[in-house]
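**Student:** sequence and predicted structure are below.
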Amino acid sequence: MDPKLLKSYFETPELANEWLELSNFTDFKRAIRNLKSMASFDPSLETFGPFVDHMSPLIRFSADPDMVLNNLERFFSATRSPLTLIALFQRDPMALSTLMEIFATSQFLSDMLINDPELFALLRQDNAVVPLSQLVDELLEEVKAMEKDSLVLRSLRRFKRQQMLRIAYDDIIKRQSLESVTRHISQVAEAVIEAALHAAGRKLFRKRGTPRSPEGARSHFTVLALGKLGGGELNYSSDIDLMFLYDTEGMTDQDQIQNSQYFAELGQEIVRFLTEPTELGAAYRVDMRLRPNGQHGSLAIGFDEALRYYDNRGRTWERQAFIKARPVAGNIALGEAFLKQLEPWIYRRYLTQVDIAGIRTLKRKIERNARAEGEELLNVKTGFGGIRDIEFMTQFLQLLHGGELSQLRTGNTLTAIHRLEKEGVLKKHEQEMLLEGYRFLRKIEHRLQIMFDMQTHTMPKSTTEQRKLAMRMGYNDMPWKSALDGFNSDFHYITSMNRKMLNHILIDAFHDDGDTAAEVDLLLDPAPDETRIQAVLGKYGFPDPLKAYRLLTDLADEKNPYFAARRCRQFFSAISPELLKAVAETPAPYQTLTTLATVADALGEKGGLWELFSFNPPSLRLFVRLCAYAPFLTDLLCRDPGMLDGLMDSLVVGKLPERAVLDAHLTRLVSHAEQIEPILSGFKNDMMLIAGTRDILGKGAIRETTGLLSDTAELCLKQIVLAEYAKLVKQYGTPITGEFGRENHPPVQNPTPYQSLQSQLTSLP
């Protein structure tokens, strides 16, 4: 920018309004003050003017030009040499772009760079990912050299802030994947927890001595992480959910206190090192409520006592929480041994209807809280179709199938989604939607939290701030769509699909019905005893309940290796109460069930059929009635599985199509066919299926049913006549009538077209 023009802007700010508006500033006066302050090192503006030209296009397309310029001015004021800084921007044009993108994305990170401008140079260096073991070693060495608690507290917080800046740089500037970002954030937390444990242990050892077992062996301690830290998918500003566990009861060898007291004090010290406020804030917010007995329980619990608690009193939501449990500090082997013994409790042989109801109840409670706070449509975590929907769906399927499939036992959500698809529990398109939705929503969550290093999951209400969020997410204004419109379109689509899948798999499929829980449990249990089978199925009129159970398990089993066997059992179990009720109302329940099995096997993918029935109960009832009362129609289905679509159509057909519509439809079907017989046969079967199902359902008068069958026969006959006539014309020519017809066409020895046509018609069945 011409120095004279820029100087006129400084002297008369109103002259700059048009330029400031084009640059998308909203606070013109502050923008001029910022520029004037930045230019104070260069009275002639000969250096600063070109810098403004460099900066202007970058700032115009940033998410928040006012925020960027204000932070840039503060950075200029904090740096030792603004002239050297501008020289850097001239040598490396990407340096300014990088700095401005950070300034537009996070005030927290901006403040860190402004407080220590040298950090910017360190960030821009090629910083390879540091392994967790190295992070821990470096931090432990630093902490070991510090005797005062205040120095340890500061060291832990400084370490975390520096690492968060590095990770955020990789996230915002290098566009690292969500998996990489959350894994590295989790590793930083693990390093800080390990260092806090070391500092607390050193302090307590000097005061209490060493905790030992009755035999004199040293007792060990481990820190278990649950929640997002347990899954290795921590946010920028997450709470960390911890549980403290020790291996043996006993006493310390110095002041002779119980190990339970010693380890409880150790836990208190760890929490203090992590949570105590300092001038650098707290390292982490720690949530200990997931431990046995919650906030009323001891801060640390013994190995055997913890196992007894979960075995006798553990609830479904605790099993769900322990999906993500893993040891992160202390004696890792002790934590792994504990979780190994707890695995049969977490992943039971099967998930009962009571368990499913508990998961549903907890999900509804979270939704009610989001609605009560007015955040149902803005909260990306607990709101409609948010992160919790994906997590609940994933964890539900892990608990449902994890008893038999150990490969599903992982605490990481993205890994679990991949494995659920690989094992046939999720369909490919469901997996892709969940992965896309989870990454999208977690990125929003990260952009919200990194702004001020605050634990928030709620998007702003104002459209101005929402637009800034959209641009921080990578959306830009286009001639045909604004950044905000593009973001909102994707957000509403993803959240609606998330909720739709959750309802389909958990809410709609498994109804809250205590009277039918036994049926669901029976089909989910891989090995129920005979007494239970007799008790559950005996009330449905089967002369031999054990034989009926074998037939039911066959229906729940997808024999074709190309289809998802786990998904088949899951949805069949969900519909089993409604199915058994409908079967029991038929004259011969066992025969109905046998016919149902025959038809289901003929149709191919049984799991898809049960899934259809789960969200369309009328189709289930119709299917059962067909199997009970219409063997002719079920035989048609077995011979032509494609007729299933026609069967579904019969449920929604309000009135039968008129003859003229059917005539036109059939004419189109045969218009280019070389062989019309298969088409006519399929058309006839479709019409018979529609007529038969309407008759079974009691839709319409008998005259409508017989009328449709008669129209079908006549229209098929018409197409046969037309086809045969066309063949004869091609062979003999077109027959003509009139006074001179015989004179123009001398008699031939072969039969006439009319005679041949008559013989064809009389030979039809």
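**Tutor:** Happy to help now that I have it.
**Student:** against which helices or strands is the helix or strand containing D686 packed?
**Tutor:** In the assignment (DSSP states H and E), D686 maps to helix 677-697. If you count contacts as 3 or more Cβ pairs under 8 Å, 6 or more residues apart in numbering; DSSP states H and E, helix 677-697 packs onto helix 617-629, helix 631-639, helix 644-652, helix 659-670, helix 702-732. No exception for glycine: its C-beta is placed from N, CA and C like everyone else's.
**Student:** just for this protein, where's the confidence low?
**Tutor:** Within the chain, the segments meeting pLDDT under 70 span 126-128, 511-516, 562, 645-654, 737-765.
**Student:** what are the ranges of the strands in it?
**Tutor:** Using DSSP state E, the strands of the chain run over 211-212, 221-226, 240-246, 251-252, 286-287, 300-302, 326-330.
**Student:** just checking, what packs against the first one?
**Tutor:** Using 3+ Cβ pairs under 8 Å, 6+ apart as the contact criterion, the elements in contact with strand 211-212 are strand 251-252, helix 259-275.
**Student:** in JSON lines, list the strands of the chain along with mean neighbour count and distance to T278.
**Tutor:** As requested, these are arranged in JSON lines below (neighbours: other Cβ atoms under 10 Å; distance: least, Cβ to Cβ, whole Å):
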{"stretch": "strand 211-212", "mean neighbour count": "22", "distance to T278": "29"}
{"stretch": "strand 221-226", "mean neighbour count": "24", "distance to T278": "22"}
{"stretch": "strand 240-246", "mean neighbour count": "25", "distance to T278": "18"}
{"stretch": "strand 251-252", "mean neighbour count": "20", "distance to T278": "30"}
{"stretch": "strand 286-287", "mean neighbour count": "17", "distance to T278": "15"}
{"stretch": "strand 300-302", "mean neighbour count": "22", "distance to T278": "25"}
{"stretch": "strand 326-330", "mean neighbour count": "23", "distance to T278": "21"}
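**Student:** can you put the ones you listed in JSON lines and add distance to Q570?
**Tutor:** Output for the strands of the chain, formatted as JSON lines (distance: least, Cβ to Cβ, whole Å):
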{"stretch": "strand 211-212", "distance to Q570": "47"}
{"stretch": "strand 221-226", "distance to Q570": "26"}
{"stretch": "strand 240-246", "distance to Q570": "29"}
{"stretch": "strand 251-252", "distance to Q570": "51"}
{"stretch": "strand 286-287", "distance to Q570": "32"}
{"stretch": "strand 300-302", "distance to Q570": "35"}
{"stretch": "strand 326-330", "distance to Q570": "27"}
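**Student:** select, out of these, the one closest to G733.
**Tutor:** strand 326-330 (86.7 Å; Cβ to Cβ).
**Student:** the helices and strands packed on strand 211-212: which one's closest to F571?
**Tutor:** Nearest to F571, of all the helices and strands packed on strand 211-212, is helix 259-275, at 44.7 Å by Cβ to Cβ.
**Student:** circling back: if you count neighbours, what's buried in the helix holding D686?
**Tutor:** Buried residues in helix 677-697, counted by 16 or more other Cβ atoms under 10 Å: 680, 683-696.
**Student:** one more: stretch 307-321?
**Tutor:** For stretch 307-321, a neighbour-count test (16+ other Cβ under 10 Å) marks 307, 309-310, 314, 316, 318-321 as buried.
**Student:** where along the stretch 401-550 of the chain do the helices fall?
**Tutor:** All helices of the stretch 401-550 of the chain, identified by DSSP state H, counting those that start in this stretch, fall at 413-422, 428-452, 463-472, 483-502, 517-524, 530-537, 545-555.
**Student:** if you count neighbours, what's buried in the longest one?
**Tutor:** Within helix 428-452, the residues that qualify as buried by neighbour count (16+ other Cβ under 10 Å) are 430-431, 433-435, 437-438, 440-451.
**Student:** just the helices and strands packed on helix 677-697: most buried one?
**Tutor:** Of all these, helix 617-629 carries the top mean neighbour count, a mean of 20, counting by mean count of other Cβ atoms under 10 Å.
**Student:** out of the helices of the stretch 401-550 of the chain, flag the one nearest F205.
**Tutor:** So among these, helix 428-452 is nearest, using Cβ to Cβ, at 36.8 Å.
**Student:** next, format the helices and strands packed on helix 677-697 as CSV and append distance to V192.
**Tutor:** Formatted as CSV, the helices and strands packed on helix 677-697 follow (distance: least, Cβ to Cβ, whole Å):
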stretch, distance to V192
helix 617-629, 53
helix 631-639, 63
helix 644-652, 58
helix 659-670, 71
helix 702-732, 75
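**Student:** nearest to E233, of these?
**Tutor:** For these, proximity to E233 was assessed by Cβ to Cβ; helix 617-629 is nearest, at 37.6 Å.
**Student:** for the closest one, packing partners?
**Tutor:** Secondary-structure packing of helix 617-629 (3+ Cβ pairs under 8 Å, 6+ apart): helix 565-584, helix 589-603, helix 606-615, helix 631-639, helix 644-652, helix 677-697.
**Student:** contact partners of it?
**Tutor:** Helix 617-629 is contacted from outside by 575, 578-579, 582-583, 586-588, 591-592, 595-596, 599, 612-613, 633-634, 637, 647-648, 650-651, 692-693, 696-697, using Cβ atoms under 8 Å, 6 or more residues apart in numbering.
**Student:** go again with 7 Å.
**Tutor:** 575, 578-579, 582-583, 586-587, 592, 595-596, 599, 612-613, 633-634, 648, 651, 693, 696-697 (Cβ atoms under 7 Å, 6 or more residues apart in numbering).
**Student:** how far is stretch 611-630 from where the chain is centred?
**Tutor:** 30 Å (Cα atoms, centre = their mean, to the nearest Å).
**Student:** can I get that stretch in PDB, CA atoms only?
**Tutor:** What follows is stretch 611-630 as a C-alpha-only set of coordinates in PDB (Å, rounded to 0.1, in the frame of the first residue of the first chain):
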ATOM      1  CA  GLU A 611     -34.400 -55.700   9.600                       C
ATOM      2  CA  LEU A 612     -37.400 -54.800   7.400                       C
ATOM      3  CA  PHE A 613     -39.800 -56.300   9.900                       C
ATOM      4  CA  SER A 614     -38.200 -54.400  12.800                       C
ATOM      5  CA  PHE A 615     -39.100 -51.000  11.400                       C
ATOM      6  CA  ASN A 616     -42.200 -52.100   9.500                       C
ATOM      7  CA  PRO A 617     -44.300 -54.300  11.900                       C
ATOM      8  CA  PRO A 618     -47.300 -54.600   9.500                       C
ATOM      9  CA  SER A 619     -45.000 -56.400   7.000                       C
ATOM     10  CA  LEU A 620     -44.200 -58.900   9.700                       C
ATOM     11  CA  ARG A 621     -47.800 -59.600  10.500                       C
ATOM     12  CA  LEU A 622     -48.700 -60.000   6.800                       C
ATOM     13  CA  PHE A 623     -45.800 -62.400   6.300                       C
ATOM     14  CA  VAL A 624     -46.900 -64.600   9.100                       C
ATOM     15  CA  ARG A 625     -50.500 -64.600   7.800                       C
ATOM     16  CA  LEU A 626     -49.300 -65.600   4.300                       C
ATOM     17  CA  CYS A 627     -47.300 -68.500   5.800                       C
ATOM     18  CA  ALA A 628     -50.300 -69.600   7.800                       C
ATOM     19  CA  TYR A 629     -53.200 -69.200   5.300                       C
ATOM     20  CA  ALA A 630     -51.800 -69.000   1.800                       C
END
